[in-house]
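Chemist: the amino acid sequence is not available; the structure is as follows:
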């Protein structure tokens with residue numbers, strides 16, 4: 001999925017309110033362009049445009065560069081206005097009756113309502129209220145990577161946009177500090193300190209070096225001034241975050257009721273959390289059984305952790321970036337040879353080391369938005385944290401088999417291929433709004449599917465590499481439910497990652513912490529299970545595995561709605577979660 005949705009908290013894609021400072025502000029909470037007119041296509045287009053105006057950074061990531069340099073207004077009045085806009089959009093969309101719309105438009109209406117409800121949940125004080133509780137919700141707003149790394153225009157043009165962007169950073173983080181309610185959980189403090197501190201290093205470092213020799217002397221002077229101001233703002237923010245450390249409390253949990261609402265509003269999943277936990281434990285146990293059997297062959301007489309360590313000891317020559325560059329052509333050819341899914345275009349993905357401010361995940365991919373043309377995607381891989389012990393750093397570097405399935409997940413046929421299809425969707429709405437469970441579910445489903453198809457030669461080492469990734473996602477699933485419904489502490493989540501999913505110390509710490517500020521990271525396994533069940537049900541009358549390619553192509557054609565809505569379209573039944 002695009003970086004701001006994949007590698008950050010889901011709420012980094014929030015459309016939060018108002019317009020840019022120094023622009024004409026509309027705090028009414030509504031847009032006359034969104035009022036129902038009886039013209040459904042216009043209503044959909046107006047919703048997209050209103051979303052872009054509310055969050056210009058999101059618009060820029062989609063390729064709408066008239067918004068370059070802008071950062072959303074994050075003031076309390078603007079947040080209130082956005083909450084009101086989303087509530088009105090939901091009501092107005094639902095006022096289009098079934099008899100007014102074609103079957104396709106009814107599907108589009110339900111898709112739009114689902115997107116608006118999901119955005120509303122994260123922003124609404126009665127929902128997750130992330131903009132008042134979670135500093136991670138702001139990271140996407142002050143991330144400059146689109147200007148530095150995406151060659152959508154000349155360097156001179158992008159430099160001017162970057163300078164404008166930097167000039168807005170101090171205002172954005174000041175609004176964040178004003179909005180966030182304290183005390184915060186310790187994991188929020190740690191993550192915010194690391195992330196905002198990474199920006200303080202990036203702006204004067206790679207963020208300045210990228211523009212060496214670009215533009216006029218005046219441009220370079222403006223860059224220096226804007227960068228200095230942005231760095232000061234970030235350092236002030238880090239100091240503010242650190243000042244909260246002494247008063248931290250373990251108050252990150254959504255609670256059972258809001259967690260259940262999160263599932264319904266963001267993914268149309270109404271399955272009770274108790275049933276979801278049972279489903280997740282069953283998947284964990286199934287993968288543990290496969291792992292035990294594979295380890296008995298691969299590392300006879302050794303413990304499961306020793307077996308995993310043996311798999312991970314086969315480190316990639318030259319590091320994971322070099323290895324991923326070797327893996328991608330092989331994976332693409334495997335998809336072609338096995339006729340697994342259509343590759344709809346000639347685009348390729350580059351592989352780079354992730355920048356310092358965005359290393360909270362081991363890997364992610366940055367994919368150009370649907371309004372861009374002929375731009376590269378970049379698959380980023382993170383090095384270990386230099387503050388960890390030498391042993392923890394070494395353990396963090398994945399073995400070749402483990403990395404193979406990360407490359408499957410991020411590129412072929414995971415996120416990258418997903419967006420090759422999504423960016424060709426017949427509806428712009430499906431190109432712009434690709435959901436968390438759809439994208440991560442597809443990418444995670446792809447790992448298991450590719451292993452079953454024989455990728456990597458079908459060796460036990462490859463199987464163990466795939467299971468390592470599957471178990472990681474099982475522990476995310478169970479940690480999200482446990483930590484946010486009150487049955488699991490962060491320490492217990494860490495123990496789960498270490499002892500039940502066999503993750504290394506550094507990854508277990510990182511993943512347990514992520515679960516506190518990303519309660520929706522259960523979507524990897526949840527999405528995978530819904531897709532797998534839909535595939536089995538759809539292909540049951542179409543030749544079984546022979547129909548997998550047809551299933552994959554049709555599934556990806558929808559863009560990225562909640563999976564229950566895809567199920568409704570493909571099975572001609574209810575929009576419901578089936579596992």
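Modeler: Okay, I see it. All figures in this text were calculated on a predicted structure; none of them were measured in a lab. Numbering: from 1, shown residues only.
Chemist: quick one, strands of this structure?
Modeler: 349-353, 363-366, 377-381 (DSSP state E).
Chemist: tell me what the second one is packed against?
Modeler: Helices and strands touching strand 363-366, as assessed by 3 or more Cβ pairs under 8 Å, 6 or more residues apart in numbering; DSSP states H and E, comprise helix 3-6, strand 377-381, helix 400-410. Where C-beta positions appear, they are placed from N, C-alpha and C, glycine not excepted.
Chemist: tell me the average confidence for the shortest one?
Modeler: Along helix 3-6, the predicted confidence averages to a pLDDT of 36.
Chemist: likewise for stretch 138-157?
Modeler: Taken as a whole, stretch 138-157 has a mean pLDDT of 94.
Chemist: one more: stretch 305-319?
Modeler: Stretch 305-319 carries an average pLDDT of 95.
Chemist: before we move on, what about stretch 437-445?
Modeler: 98.
Chemist: check stretch 487-505 too.
Modeler: 96.
Chemist: not counting that stretch itself, show me its contacts.
Modeler: With Cβ atoms under 8 Å, 6 or more residues apart in numbering as the test, stretch 487-505 has contacts from 187, 250, 284, 288, 291, 304-305, 308, 312, 392, 395-396, 468, 471-472, 474-475, 478-479, 481-483, 507-509, 511-513, 515-516.
Chemist: 6 Å - rerun?
Modeler: 304-305, 308, 392, 395, 471-472, 475, 479, 482-483, 508, 511-512, 515-516 (Cβ atoms under 6 Å, 6 or more residues apart in numbering).
Chemist: same deal with stretch 509-523?
Modeler: Residues contacting stretch 509-523 (Cβ under 6 Å, 6+ apart): 9-10, 134, 136, 185, 187-188, 252, 254, 436-437, 440, 476-477, 479-480, 483-484, 490, 493-494, 497.
Chemist: try stretch 431-439
Modeler: 1, 10, 48, 62, 115, 267, 370, 418, 422-423, 425, 520, 523, 526-527, 560, 562-563.
Chemist: look up how far residue 369 lies from the closest residue in space to residue 65 that isn't next to it in sequence.
Modeler: Nearest residue to residue 65, sequence neighbours excluded (Cβ to Cβ, 6 or more residues apart in numbering): residue 152, at 6.4 Å. Counting by Cβ to Cβ, to the nearest Å, the gap from residue 152 to residue 369 is 9 Å.
Chemist: got it, and residue 112?
Modeler: Taking Cβ to Cβ, one finds residue 112 at 18 Å from residue 369.
Chemist: and the two? which has more neighbours close in?
Modeler: Shown here are residue 112 and residue 369; by other Cβ atoms under 10 Å, residue 112 has more neighbours (24 against 21).
Chemist: my read: that one touches residue 92, true?
Modeler: No - using Cβ atoms under 6 Å, residue 112 is not in contact with residue 92, being 9.9 Å away.
Chemist: quick check: neighbours shared by the two?
Modeler: Common neighbours of residue 112 and residue 92 (Cβ under 6 Å, 6+ apart) do not exist.
Chemist: what residues does residue 131 make contact with?
Modeler: Shown in contact with residue 131 (Cβ under 6 Å, 6+ apart): 79, 137, 179.
Chemist: same thing but at 7 Å, please
Modeler: By Cβ atoms under 7 Å, 6 or more residues apart in numbering, residue 131 lies in contact with 16, 79, 123, 137, 179.
Chemist: ditto for residue 324
Modeler: Applying Cβ under 7 Å, 6+ apart, we find residue 324 in contact with 351, 379, 381, 403, 407.
Chemist: gap between it and residue 190?
Modeler: Plainly put, residue 324 is 28 Å away from residue 190 if you go by Cβ to Cβ.
Chemist: how about residue 523?
Modeler: Distance, residue 523 to residue 190, by Cβ to Cβ: 23 Å.
Chemist: so between these two, which is more surrounded?
Modeler: The residue with more neighbours, out of residue 523 and residue 190, is residue 523; 29 against 19, by other Cβ under 10 Å.
Chemist: how about the more buried one, nearest residue that isn't a chain neighbour?
Modeler: In this structure, residue 523 finds its nearest non-sequential neighbour in residue 437, 4.0 Å apart by Cβ to Cβ, 6+ apart.
Chemist: state the number of residues packed around the one you found.
Modeler: Residue 437 is flanked by 30 other residues according to other Cβ under 10 Å.
Chemist: mind checking how far it is from residue 55?
Modeler: 21 Å.
Chemist: same check on residue 420?
Modeler: On the measure of Cβ to Cβ, residue 420 and residue 55 end up 25 Å apart.
Chemist: with neighbour numbers in mind, choose between the two.
Modeler: Per other Cβ under 10 Å, whichever of residue 420 and residue 55 has more neighbours is residue 55, with 27 against 20.
Chemist: tabulate the contacts of residue 324 (CSV), appending neighbour count, distance to residue 107 and pLDDT.
Modeler: Output for the contacts of residue 324, formatted as CSV (neighbours: other Cβ atoms under 10 Å; distance: Cβ to Cβ, whole Å; pLDDT from 0 to 100):
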residue, neighbour count, distance to residue 107, pLDDT
351, 22, 37, 97
379, 26, 32, 97
381, 25, 37, 96
403, 25, 38, 96
407, 26, 33, 98
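Chemist: with those in mind, which one is nearest to residue 146?
Modeler: residue 379 (16.2 Å; Cβ to Cβ).
Chemist: check contacts around the closest one.
Modeler: Taking Cβ under 7 Å, 6+ apart as the criterion, residue 379 is in contact with 324, 349-351, 365, 410-411.
Chemist: narrow those residues to just the buried residues.
Modeler: 324, 349, 351, 365, 410-411 (16 or more other Cβ atoms under 10 Å).
Chemist: and the nearest residue to residue 385 once chain neighbours are set aside, how far is that from residue 405?
Modeler: Closest residue to residue 385 apart from its sequence neighbours, by Cβ to Cβ, 6+ apart: residue 506 at 6.7 Å. As judged by Cβ to Cβ, residue 506 and residue 405 stand 19 Å apart.
Chemist: compare those two (neighbour count), which wins?
Modeler: Taking neighbours as other Cβ under 10 Å, residue 506 and residue 405 compare with residue 405 leading, 28 against 20.
Chemist: residue 320 reaches residue 397, doesn't it?
Modeler: Yes - between residue 320 and residue 397 there is a contact under Cβ atoms under 7 Å: 6.2 Å.
Chemist: compare the two (neighbour count), which wins?
Modeler: Between residue 320 and residue 397, residue 320 has the larger neighbour count (other Cβ under 10 Å), namely 26 against 20.
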